[in-house]
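Colleague: This is a predicted model, with the sequence first.
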Amino acid sequence: MPVPVEQKPGAYSIQFLSGEKKVLYTAKETVLKTYFPSQNVTLSPAIEALHSTPEEIHLLVAFRDSVSDERFWKDPLAPPVPGCVTSPFGVKRLHNGKPTGEYHSGVDQRTPEGEPIRAVAAGTVTFAQRFNVLGNAAGVDHGQGLETIYLHMEKLAVEKGARVEKGSILGYAGETGRANGPHLHWALYANGVHVNPAQWMKLTPCPREKRKD
């Protein structure tokens, strides 16, 4: 059961319902306070000025909120690229030193231009197209509420409706859309909520650069 980043800490009651909406069981859960650091991203004026169209937003919301019946995925999931994580899930984003009010809803992995981007699990491609902010992006429905999205690719290798397996190539890394260099930003949804991919697979943080005095 996913917990949104914005969820306030505290005690919550969760009800498990039957198909007829009858309460079968009630559980008590506690959401703990989590600290997410801030991270500044330097963008050129032209890239910072990019915005999503209403049509793009509608498509992404419909993708996020859809839950298909058939499950295609199996544990464990596999990272889409081997690169280390340059920006983790949940960090508070600043653009050119100014707070955006947004948090990082996925992870960024170091990925040279042209490197294959692979599906983390089997599923169906819901969309594969160019977006203003996301660049060349693909969304995969893995079934029963699990979905992934892959952004900023230089070239797409799949089309809408295609069935993919774990490890299938979805496209090739680039810096299209709102990106300041080649990398892969990808995100994981569980029942419409962004969740931390590092809780589903092993991801390696990039080593911190040593200061040069």
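Modeller: Noted; the coordinates are in hand.
Colleague: Only C-alpha atoms from now on, for both contacts and neighbour counts.
Modeller: OK.
Colleague: which outside residues touch the helix or strand H152 falls within?
Modeller: H152 is part of strand 146-153 when elements are defined by DSSP states H and E. With contact meaning C-alpha atoms under 8 Å, 6 or more residues apart in numbering, strand 146-153 is reached by 64, 67, 120, 134-142, 171-179, 182-191.
Colleague: Check which element follows that strand along the chain.
Modeller: That would be, after strand 146-153 and using DSSP H and E, strand 155-156.
Colleague: Quick one: mean pLDDT over that following strand.
Modeller: The average of the pLDDT scores along strand 155-156 is 98.
Colleague: before we move on, what about stretch 51-60?
Modeller: Mean predicted lDDT for stretch 51-60 stands at 97.
Colleague: those helices in the protein, which residues are they?
Modeller: Per DSSP state H, the chain carries helices over the ranges 45-48, 54-65.
Colleague: Is it possible to get CSV of the ones you listed that adds mean neighbour count and distance to H95?
Modeller: Shown next, in CSV, are the helices of the chain (neighbours: other C-alpha atoms under 10 Å; distance: least, C-alpha to C-alpha, whole Å):
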stretch, mean neighbour count, distance to H95
helix 45-48, 12, 8
helix 54-65, 14, 21
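Colleague: Show me the one of these that comes nearest A162.
Modeller: helix 54-65 (15.4 Å; C-alpha to C-alpha).
Colleague: Packing partners of the closest one?
Modeller: If you count contacts as 3 or more C-alpha pairs under 8 Å, 6 or more residues apart in numbering; DSSP states H and E, helix 54-65 packs onto no helix or strand.
Colleague: Report the inter-axis angle for that helix versus strand 146-153.
Modeller: Direction vectors for helix 54-65 and strand 146-153, defined by axes from the mean of the first three to the mean of the last three C-alpha atoms, to 10 degrees, enclose an angle of 140 degrees.
Colleague: distance between helix 54-65 and the chain's centre?
Modeller: 14 Å (C-alpha atoms, centre = their mean, to the nearest Å).
Colleague: Identify all contacting residues around it.
Modeller: Contacts for helix 54-65 (C-alpha under 8 Å, 6+ apart): T126, F131, G139, E147, Y189, N191, G192, V193.
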